[in-house]
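Student: have a look at this fold, sequence not included:
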């Protein structure tokens, strides 16, 4: 599969946005269920808690952009400890579009952004 096709298949979306037909498989990548989101309305196909940042890392980061680079480094190390789940996610992407669903308000500094970077870098 070409890099361009692979990249187009991996999307990001906040859990508070409505599901869309072109989302493909919707994968929640947070350890905690998003507040106020009903499971029936979220249309989540897979919840990959193992690929979410550890509770300790999530609390340390606190969505502080000043800690972003260090968060990315630490989170990448955690992700690579869960190769089976990462491979499972890659398999879903090979099958079709996948939307990584997250609950953070900051669309530029969150775990889904880092996970997508890793998926695209290490296809």
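Tutor: Sure, I can see it. What you see is a predicted model; the values in this text were computed from it and never measured.

Student: ok, residue 96 to residue 68 distance?
Tutor: Using C-beta to C-beta, to the nearest Å, we find residue 96 at a distance of 31 Å from residue 68. All C-beta atoms are positioned from the backbone trio N, CA, C, and that covers glycine.

Student: between these two, which has more neighbouring residues?
Tutor: Using other C-beta atoms under 10 Å as the criterion, residue 96 and residue 68 rank with residue 68 on top: 17 against 9.

Student: give me the element the residue lying closest to that one once chain neighbours are set aside is part of.
Tutor: Distances taken as C-beta to C-beta, 6 or more residues apart in numbering place residue 109 nearest to residue 68, at 5.1 Å, with adjacent residues excluded. Under the criterion of DSSP states H and E, residue 109 resides outside all helices and strands.

Student: my read: residue 109 touches residue 65, true?
Tutor: Yes: counting by C-beta atoms under 8 Å, residue 109 does reach residue 65; the two are 5.3 Å apart.

Student: what is the mean pLDDT for the one helix or strand residue 57 maps to?
Tutor: Following DSSP H and E, the helix or strand that holds residue 57 is helix 55-61. For helix 55-61, mean pLDDT rounds to 97.

Student: so what's the residue nearest to residue 68 scoring on pLDDT?
Tutor: In this prediction, residue 109 carries a pLDDT score of 97.

Student: got it, and the one 3 residues further on?
Tutor: Model confidence at residue 112, given as pLDDT, is 97.

Student: list the contacts for it?
Tutor: By C-beta atoms under 8 Å, 6 or more residues apart in numbering, residue 112 lies in contact with 12, 29, 100-102, 104.

Student: can you rerun that using 6 Å?
Tutor: The contact partners of residue 112, taken as C-beta atoms under 6 Å, 6 or more residues apart in numbering, are 12, 29, 100, 102.
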